[in-house]
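In: Here is a sequence with its predicted model. Questions after.
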Amino acid sequence: QVQLVESGGGLVQAGGSLRLSCGASGRTFSRYDMAWFHQAPGKEREFVVTVSWRRNTTKYASSVKGRFTISSDNAKNTVYLQMNNLKPEDTAVYYCAATEAGWGTEHAVSYNYWGQGTQVTVSS
């Protein structure tokens with residue numbers, strides 16, 4: 001099992017940047033596929049990015065491609081989401097998710113483990 005804890009959310013003006021962190025405890029997170037999703041009020045949870053170290057693949061939602069970057073620090077067992085050129089429509093609660101390596105997809109149902117979420121608010 002793995003426990004996930006997000007941090008780094010906050011209030012930022014449009015065009016600004018934030019870096020979210022997802023700390024994983026338990027098994028080494030490199031044994032998992034990891035992802036970020038976000039959920040705005042009244043909307044379904046939406047895919048942002050997924051990474052599979054086993055398959056050596058990364059996939060971004062078209063709405064964030066070129067603006068967001070996922071990275072990791074194995075020593076800290078932490079995954080990061082660098083968000084640049086933020087837009088008001090990026091406002092949402094951001095969730096970190098994990099599933100067994102090789103099983104990650106763009107769909108939330110693929111993920112067994114979730115963090116509690118961190119709020120990102122982008123003002124216009």
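Out: Received, thanks.
In: Locate the most centrally placed residue in the chain within the secondary structure: which element?
Out: By Cα atoms, centre = their mean, the mean C-alpha position of the chain lies nearest to residue 36, the distance being 2.3 Å. Using DSSP states H and E, residue 36 maps to strand 32-39.
In: Which other helices and strands does that strand contact?
Out: Where contact means 3 or more Cβ pairs under 8 Å, 6 or more residues apart in numbering; DSSP states H and E, strand 32-39 is packed against strand 18-26, strand 46-52, strand 68-73, strand 92-100. All C-beta atoms are positioned from the backbone trio N, CA, C, and that covers glycine.
In: follow-up on the earlier one: identify the residues contacting the closest residue to the residue nearest to the centre of the chain other than its chain neighbours.
Out: Closest residue to residue 36 in three dimensions, ignoring its sequence neighbours and counting by Cβ to Cβ, 6 or more residues apart in numbering: residue 48, at 4.2 Å. Residues in contact with residue 48 (Cβ atoms under 8 Å, 6 or more residues apart in numbering) are 35, 36, 37, 38, 60, 61, 64, 68, 81, 94.
In: so who does the nearest residue to residue 28 once chain neighbours are set aside touch?
Out: Counting by Cβ to Cβ, 6+ apart, residue 28 lies nearest to residue 77, which is 6.6 Å off, once chain neighbours are set aside. Applying Cβ under 8 Å, 6+ apart to residue 77 gives the contacts 23, 24, 25, 28, 29.
In: Just the buried subset of these, please.
Out: Buried members of those, scored by 16 or more other Cβ atoms under 10 Å, are 23, 24, 29.
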